[in-house]
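Enquirer: Curious how this folds, go ahead:
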Amino acid sequence: MTRIDPPPRGRALLAGLTEAGRLVDDRSSLREAIGQSLHAPPPAKAPPSITAAEQRRRQALAHPHLARGERLAAAGRWADAAAACRRAVQADPDSAKGWYALGRACLLSGQPEAAAAALLRAVDLTPDNADAHLAIGTAFDAQGQLLPAIAAFRRALELAPHALEAASRLATLLAAHDQQAEAADILLRTADRAPPGAAVHVARGSAHGLRREPAAAEAELRLALARAPDDALTWRLLGQVLADQGRIPESREAAARALRLDATQTSAFHDLVRAGRVTEADRVLMDHMAKLVDDPRMTPRRLMHLHFALGKAHDDLDEPAAAIARFDAANAIRARLFPFDRAAWTRRIDRIIATFTPDFVRAHAAAGVADDRPLLILGMPRSGTTLTEQILSSHPQIAGGGELSFWTSEAHRWEAPPADVPGTVARLAAGYRAALDEVSADARRVTDKNPYNFLAFGTVRLAFANARIIHTRRHPVDTCLSLYTTFIASRTDYAASRADLVFFYREYLRLMDHWQAVLPAARFMELDYERLVAEREAETRRLVDFAGLEWDAACLAPEANRRVVHTASVYQARRPVYASSVERWRRYEPWLGELRELLDEVPA
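Expert: Okay, here's the model as predicted:
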């Protein structure tokens, strides 16, 4: 295959995209990096190197090849179309139309690297071509280069503010980097500018889903299906919204319908296998999905979903060797998409510990407010935070807030002491009270089960001395194995390798040890997942007592709680409390690798 190298401006453009996409130390810097748009200056006009007559001759030579490429593309013969378009640009290297057609053909025939190179040449010739920027973003996305893809999609939207496909692709990647609010805003803004149609309703439905407004999301998606009843993507999105509401049978049917319409919807397959236990009757579907691994249409993210889903299916069928092979394949892709920077993470933990010294905590102990509504549940992801919240929010006086992003978005500001601590604490207290009011203005307690609030424990204590904080703990190997074998929509870059999981877990313990050494012990509770499962009523009563409320038997039936759940535990939250996840690691003992080091760190 002929190699296509980017032209000089294309190389500069690629360098700008790469710089916009570099991994950075913390989430605040990440937000700045992915907020950068591509504002490259137009290329300087080079002096003509060929005569007008020569240009016409080249165009005439290229025309039949380009026309043939267009006919082949219309027939879906993308590899042949790419070959024809390649001959066209060899005949006329200055044909922006030819390079764009070649880029699309390469992209749709499973050649994303060649596609990106060709499309960069098209942009070099026509820098304001929104379709070319959209296609470049798609090519980067297909290679797993997510942050450069974000920059390209942003540029496409700047050039064509009504382009729903660019908005949808951009929103998907922003949400993957925990930027749900911006993703929703982009979808709604673009939908307002786009011509009426099913795609507008899909965009609005997706935005409401990101904003955790499932009723509004469902309404928009059903309007889209009324216009386009055979759209697989819409059925998949509807399935996810129904699952969030606990309507699992309807969710399964929507995911199955999406797969019947488009077998490449690997996210729908992932949703389907997560929604229930896979049985021998599902072998045919598993075999069909396994064949998609070699399908050129599979982007890295689709392949990742596929491997995670097949891993879960084999796990259900008690085939741990086959399951771990799939989970390893999924995590190899996750590692490429989301590389983890250990040094950056250590620096972040170091900065937090350096800020929250005993003297600092004592000096500002009275800075906060007396509100006792906050009931935070934090710890490692997959440690039982969702189950704990399901139990507590079954109480009529407790409202479940889910994973609020308030403290995690503020945590980076406290990696050095702010100049005005009292003023900053007052602002945070007012902002968090408003966030709690959005969940419920009447409940005596409002839960916030964002596990990463362990990063902001000290800040929470300064702002709300009376907040109750529950630290959930689970066997460290079970916790890390669950992270390794679970796809989580938000970034879990540290979960893609066993060694990184061990490292992250130990850094989490280091910070929790610090908090317990410097913060008051009042209104803090540790809850062990294994004990909660084994001694459910006693531990549930302890939880309700810790919340400062009268006992209510509804807390013993968390599976009956109909609140909306948005986490990776959405399906487990609808089941009665079960013990099958306790010591799950023993089934995978031959493949634990570095996770075996954590066997000596089981909480006492």
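Enquirer: hang on, residue 161 is in a strand, isn't it?
Expert: No - applying DSSP: H, G, I helix; E, B strand; the rest coil, one finds residue 161 to be coil, outside a strand.
Enquirer: neighbours around it, how many?
Expert: Using other Cβ atoms under 10 Å, residue 161 has 15 neighbouring residues. Any C-beta I mention is one placed from the backbone N, CA and C, and that applies to glycine too.
Enquirer: Could you do residue 220 as well?
Expert: 25.
Enquirer: Could you verify my assumption that it touches residue 199?
Expert: No - here residue 220 lies out of contact with residue 199, judged by Cβ atoms under 8 Å, at a distance of 11.1 Å.
Enquirer: where does this structure dip in pLDDT?
Expert: Counting by pLDDT under 70, the chain contains low-confidence ranges at 1-48, 490-491, 561-580, 602-604.
Enquirer: how about the strands in it?
Expert: Ranges of strands in the chain, per DSSP state E, are 374-379, 398-400, 445-448, 468-473, 524-528.
Enquirer: Tabulate those (JSON lines), appending mean neighbour count and distance to residue 106.
Expert: Listed next are the strands of the chain as JSON lines, based on neighbours: other Cβ atoms under 10 Å; distance: least, Cβ to Cβ, whole Å:
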{"stretch": "strand 374-379", "mean neighbour count": "26", "distance to residue 106": "46"}
{"stretch": "strand 398-400", "mean neighbour count": "24", "distance to residue 106": "48"}
{"stretch": "strand 445-448", "mean neighbour count": "26", "distance to residue 106": "47"}
{"stretch": "strand 468-473", "mean neighbour count": "22", "distance to residue 106": "48"}
{"stretch": "strand 524-528", "mean neighbour count": "18", "distance to residue 106": "53"}
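Enquirer: Can you check which of those strands gets nearest to residue 255?
Expert: Nearest of the strands of the chain to residue 255, taken as Cβ to Cβ: strand 398-400 at 24.8 Å.
Enquirer: Contacts for the closest one, please.
Expert: The contact list for strand 398-400 (Cβ atoms under 8 Å, 6 or more residues apart in numbering) reads 375, 389-390, 392-393, 439-440, 443-447, 449, 547, 549, 561, 563.
Enquirer: Go through those and flag which are in helices.
Expert: Mapping those onto helices (DSSP state H) picks out 389-390, 392-393, 439.
Enquirer: hmm, who's touching the helix ranked longest in the chain?
Expert: In the chain, ranked by residue count with DSSP H as the criterion, the top helix is helix 52-74. With Cβ under 8 Å, 6+ apart as the contact definition, helix 52-74 has outside contacts at 50, 78, 80-82, 84-85, 87-89, 91-95, 97-98, 101-102, 104-105, 108.
Enquirer: of these, buried ones?
Expert: With burial judged by 16 or more other Cβ atoms under 10 Å, the buried subset of the contacts of helix 52-74 is 78, 80-82, 84-85, 87-89, 91-92, 94-95, 97-98, 101-102, 104-105, 108.
Enquirer: Number of residues surrounding residue 551?
Expert: Neighbour count for residue 551, taken as other Cβ under 10 Å: 12.
Enquirer: In this structure it contacts residue 541, no?
Expert: Yes - counting by Cβ under 8 Å, residue 551 touches residue 541, with 6.2 Å between them.
Enquirer: Report the buried residues of the longest helix of the chain.
Expert: Within helix 52-74, the residues that count as buried by 16+ other Cβ under 10 Å are 58-59, 62, 65-66, 68-70, 72-73.
Enquirer: Now render these as TSV, adding distance to residue 555.
Expert: Formatted as TSV, the buried residues of helix 52-74 follow (distance: Cβ to Cβ, whole Å):
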residue	distance to residue 555
58	76
59	75
62	72
65	71
66	68
68	69
69	65
70	64
72	64
73	60
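Enquirer: and residue 263, what are its phi and psi?
Expert: Per-residue torsions, residue 263: phi -70, psi -10 (degrees, to the nearest 10).
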